[in-house]
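In: Okay, predicted coordinates and the sequence, questions at the end:
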Amino acid sequence: MLRIDGGLVVESRRDKRRLAAILAADIVGYSRLMGDDESGTLAQLKTHRKELIDPKIAEYTGRIVKTTGDGLLIEFSSVLDAVQCAVDVQRAMAQRNTHVPEDKRVEFRMGINQGDVIVEEDDIYGDGINVASRLEGIAKPGGICISRRVHEDVAAKMNLIFEDLGEQTLKNITRPVQAFSVDLASTSSEQTSGTSLSLPDKPSIAVLPFDNMSGDPEQEYFSDGISEDIITALSRVRQFFVIARNTTFLYKGRAVDVQTIARDLGVRYVLEGSVRRAANRVRITAQLIDGTNGNHLWADKYDRDLEDIFAVQDEITLTVVAAIEPELSRAERERAIRKPPNNLDAWDTYQRGLLHLWKSTKKDYETSVRLFERAVELDPTFCAAYAHFVFAHLETVLLGFAENREEAIEEMMVAAKKAISADDRDALSHWAFAGAHMVRGEHGPAIQALRKAIQINPSFAKAYHWLAYSYTLSQQVDEAVASAEYAMRLNPHDPNMWANFLTIALAYFNAGKFEEAEGWARRSTQYSNSPPPTYATLLACLGQLERTSEAESVRNQLFKLFPEYDANTFARSSVLLRTAGKADFFSESLRKAALPE
């Protein structure tokens, strides 16, 4: 049994079992290697663990349960992560062994199974683990063997070819186990032969190795590092399908058409770029291309001083990833809107929901809620749809559009819990959980959940925006302003940019800094989709500043756009002001601006 506690899923004390993906790995000919060269074998193994295996396990959020002299037992919560981790490691090991004499190579066999495991402290037991270990025993050196259950889960979702080995009688396993071998060769170098793969049901992207334009081969590591960091950062955005580094780096130094690469790898989008380093300066260019038609979607360049090379690398990675995410989302929305309604699946329904969500009108919010509801009907595990269902309800409550505020808040919490249940390692699920707490005035849990979301995805602009909201609610002005400004830096083309400006305006207003608040509120009204609260906040500031002539102009504009508005609407309905204890003060400020009640 699971319970929700402070935004996290935790196990009750009665829980003794859980579903897990188990990867068992063993070194081929370990005894012979140790007998021939014990110190050399141990040194090789230590290097492989430090440079490749342990980082890969961490990248795919695996957990090393136990190690033996010649093997590893690793637990993953996702079978996709387990298989991709195994594929990445085995491909990389093959590359590392290219120039190593055959009798000195460290090679692994790997077996993967999914099943129920018994949990005792940090250890796990059960038949599912035994099957994984026996599958590892029948794998080829450098190969991966998986069970039928694993194959059923990954076959349609990964660009891999599997060989059916039939039913296998495994030692100490009472029933025959149908096994499959992963054909690693056909999914790497042979994949460039022109075979077209079907596109995944979410944005798919390949990051090609950035070209080193410095004229100095010694700088190759820097351009490779930029590419690898971007791949890792994009992989944290769980609604993206990202091709692994070891596959895309096979194209390094090769002149291959981008559309051909996209077709061969089965992705819609390709990111390519170059790095030019001279003296203490570096210029990095990047461009995002739609691989289905060759259209350029986005491009930018970055010039930096290299006072701290690693800080520059981190900064550019963060900036590029933050720019790519909204561009991919925009391209996906445009693609979805072109599809006829009778051809929509969960993903396209979700994208249409986003299209209405960003229009910020009462009618569009209601439409987006219906579309997100339909998306989770089509796919009950669709974390992003649950999360944006929460967001749509939050906006209706904050902007005074909700007809039944308490009912909307309750629906938010239910959907947020479903998002956590669908995938608690997705930043969106914690973002949604924060929103549900925020409208309840539970600022501490909201801030905690948002920090968790940012920890998972440091480029998550919307999480920083909601963090600014939460800080505004809890009267932490400096933190609110800093978070909103960082959200704007991460997403400078946010279709709801007015919301960042409004948050800063309200933070200053609540602190009694009306001049600063007025400037930000005025900026928030400059957008075509600005809702009533942007004008109301500007009026409240002008009322406190006793600038009556300017207030009259803003009043006229407000009534022209929203004729039903009055002085009490925003203050009465806004959770921002109600939970911050500022509703009465805001209403009084509007009365000073001569807004009729």
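Out: The structure has been received and is ready for your questions.

In: what sits against Leu232?
Out: In this structure residue 232 is Thr, not Leu. The neighbourhood of Thr232, defined by C-beta atoms under 8 Å, 6 or more residues apart in numbering, consists of Glu59. No exception for glycine: its C-beta is placed from N, CA and C like everyone else's.

In: Equivalent analysis for Thr41, please.
Out: Contacts of Thr41 by C-beta under 8 Å, 6+ apart are Tyr30, Leu33, Met34, Lys104, Val106.

In: which residues sit in contact with the closest residue to Gln239 other than its chain neighbours?
Out: Excluding the flanking residues, the one nearest Gln239 by C-beta to C-beta, 6 or more residues apart in numbering is Ala384, at 5.1 Å. Taking C-beta under 8 Å, 6+ apart, we find Ala384 in contact with Gln239, Tyr350, Asp426, Leu428.

In: Tell me the secondary structure of Ala384, please.
Out: helix (DSSP: H, G, I helix; E, B strand; the rest coil).

In: name the element the spatially closest residue to Gly71 that is not a sequence neighbour belongs to?
Out: Nearest residue to Gly71, sequence neighbours excluded (C-beta to C-beta, 6+ apart): Asp26, at 4.1 Å. Assigned by DSSP states H and E, Asp26 belongs to strand 17-27.

In: Please list the residues outside the next helix or strand after that strand that contact it.
Out: Note on strand 17-27: by DSSP H and E, the next helix or strand toward the C-terminus is helix 30-36. With C-beta under 8 Å, 6+ apart as the test, helix 30-36 has contacts from Ile27, Thr41, Leu42, Gly69, Asp70, Asp103, Lys104, Val106.

In: If we use 6 Å, what do you get?
Out: Thr41, Asp70 (C-beta atoms under 6 Å, 6 or more residues apart in numbering).

In: same thing with stretch 265-282?
Out: The contact list for stretch 265-282, computed with C-beta under 6 Å, 6+ apart, reads 159, 197, 199, 204-208, 210-214, 219, 223, 243, 258, 262, 283-286, 288-289, 291-292, 304, 306.

In: any idea how far Met497 is from Tyr527?
Out: The gap separating Tyr527 from Met497 is 6 Å, by C-beta to C-beta, to the nearest Å.

In: Tell me which of those two has more neighbours.
Out: Met497 (20 against 17; other C-beta atoms under 10 Å).

In: In terms of pLDDT, where does the more buried one sit?
Out: With respect to pLDDT, Met497 scores 86.

In: Domain map for this structure?
Out: Per the record's domain assignment (automatic domain parsing), the chain is made up of the domains 16-187, 194-335, 374-592.

In: Keeping just the C-alphas, turn stretch 428-435 into PDB.
Out: Below are the C-alpha coordinates for stretch 428-435, written out as PDB (Å, rounded to 0.1, in the frame of the first residue of the first chain):
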ATOM      1  CA  LEU A 428       5.900  17.400 -14.000                       C
ATOM      2  CA  SER A 429       4.300  15.200 -11.300                       C
ATOM      3  CA  HIS A 430       5.900  17.100  -8.500                       C
ATOM      4  CA  TRP A 431       5.100  20.400 -10.300                       C
ATOM      5  CA  ALA A 432       1.400  19.300 -10.300                       C
ATOM      6  CA  PHE A 433       1.500  18.300  -6.600                       C
ATOM      7  CA  ALA A 434       2.900  21.700  -5.700                       C
ATOM      8  CA  GLY A 435       0.100  23.400  -7.500                       C
END
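
In: Off-centre distance for that stretch?
Out: Centroid displacement of stretch 428-435 relative to its chain, using C-alpha atoms, centre = their mean, to the nearest Å, is 12 Å.

In: Same question for stretch 254-268.
Out: Stretch 254-268 has its C-alpha centroid displaced from the chain centroid by 24 Å (C-alpha atoms, centre = their mean).

In: quick thing: my sequence starts at 21, can you match it?
Out: Okay, using 21 as the starting number, the last item reads as stretch 274-288.

In: Break down the stretch 21-170 of the chain into its helices, ranges please.
Out: Taking DSSP state H, counting those that start in this stretch to define them, one finds helices in the stretch 21-170 of the chain at 50-56, 58-68, 74-79, 99-116, 147-158, 168-174.

In: Let me know which of these is the nearest to Glu572.
Out: Closest to Glu572 of the helices of the stretch 21-170 of the chain is helix 74-79 (C-beta to C-beta; 58.9 Å).

In: which residues are contacting the closest one?
Out: Everything outside helix 74-79 that qualifies as a contact, by C-beta under 6 Å, 6+ apart, is Ile94, Cys105, Asp108, Val109.

In: Give me the average confidence score over stretch 538-557.
Out: 88.

In: Using PDB, write out every CA atom in it.
Out: Only the C-alpha atoms of stretch 538-557 are listed here, as PDB (Å, rounded to 0.1, in the frame of the first residue of the first chain):
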ATOM      1  CA  GLU A 538       3.200  49.400 -10.800                       C
ATOM      2  CA  GLY A 539       6.100  49.000 -13.300                       C
ATOM      3  CA  TRP A 540       5.800  45.200 -13.400                       C
ATOM      4  CA  ALA A 541       2.000  45.300 -13.500                       C
ATOM      5  CA  ARG A 542       2.000  47.600 -16.400                       C
ATOM      6  CA  ARG A 543       4.300  45.300 -18.300                       C
ATOM      7  CA  SER A 544       2.000  42.400 -17.600                       C
ATOM      8  CA  THR A 545      -0.900  44.200 -19.400                       C
ATOM      9  CA  GLN A 546       1.100  44.500 -22.600                       C
ATOM     10  CA  TYR A 547       0.300  41.000 -23.800                       C
ATOM     11  CA  SER A 548      -2.700  40.100 -26.000                       C
ATOM     12  CA  ASN A 549      -3.700  37.200 -23.800                       C
ATOM     13  CA  SER A 550      -3.400  39.200 -20.500                       C
ATOM     14  CA  PRO A 551      -6.300  38.300 -18.200                       C
ATOM     15  CA  PRO A 552      -8.300  40.700 -15.900                       C
ATOM     16  CA  PRO A 553      -5.900  40.400 -12.900                       C
ATOM     17  CA  THR A 554      -3.100  42.100 -14.800                       C
ATOM     18  CA  TYR A 555      -5.200  45.200 -15.200                       C
ATOM     19  CA  ALA A 556      -6.700  44.900 -11.700                       C
ATOM     20  CA  THR A 557      -3.200  44.800 -10.200                       C
END
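
In: Now that we have the contacts of Ala404, which of them are buried?
Out: Buried members of these, scored by 16 or more other C-beta atoms under 10 Å, are Gln259, Tyr370, Asp446, Leu448.

In: Torsion angles phi and psi at the third one?
Out: Same thing as Asp446. phi -100, psi 130 (degrees, to the nearest 10).

In: isn't it right up against Ala405?
Out: No: counting by C-beta atoms under 6 Å, Asp446 does not reach Ala405; the two are 11.6 Å apart.

In: re earlier: which of the domains of the chain sits most buried?
Out: domain 394-612 (a mean of 21; mean count of other C-beta atoms under 10 Å).

In: gap between that domain and the chain center?
Out: Chain-centre distance of domain 394-612: 22 Å, with C-alpha atoms, centre = their mean.

In: Including distance to Asp365, could the domains of the chain go into CSV?
Out: Shown next, in CSV, are the domains of the chain (distance: least, C-beta to C-beta, whole Å):
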stretch, distance to Asp365
domain 36-207, 14
domain 214-355, 7
domain 394-612, 6
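
In: Mind telling me which of the ones you listed the model trusts least?
Out: Among those, domain 214-355 carries the lowest mean pLDDT, a mean of 76.

In: Which residue, neighbours along the chain excluded, lies closest to Thr337?
Out: In this structure, Thr337 finds its nearest non-sequential neighbour in Asp249, 4.2 Å apart by C-beta to C-beta, 6+ apart.

In: was I right about that neighbour contacting Ile336?
Out: No: the criterion here is C-beta under 6 Å, and Asp249 misses it with Ile336 at 8.4 Å.

In: For the stretch 471-617 of the chain, which segments count as helices?
Out: So, for the stretch 471-617 of the chain - with DSSP H, counting those that start in this stretch - the helices run 481-493, 497-510, 517-530, 534-544, 552-565, 568-581, 589-593, 595-599, 603-612.

In: tell me the angle the last one makes with helix 534-544.
Out: Angle between the axes of helix 603-612 and helix 534-544 is 80 degrees (criterion: axes from the mean of the first three to the mean of the last three C-alpha atoms, to 10 degrees).
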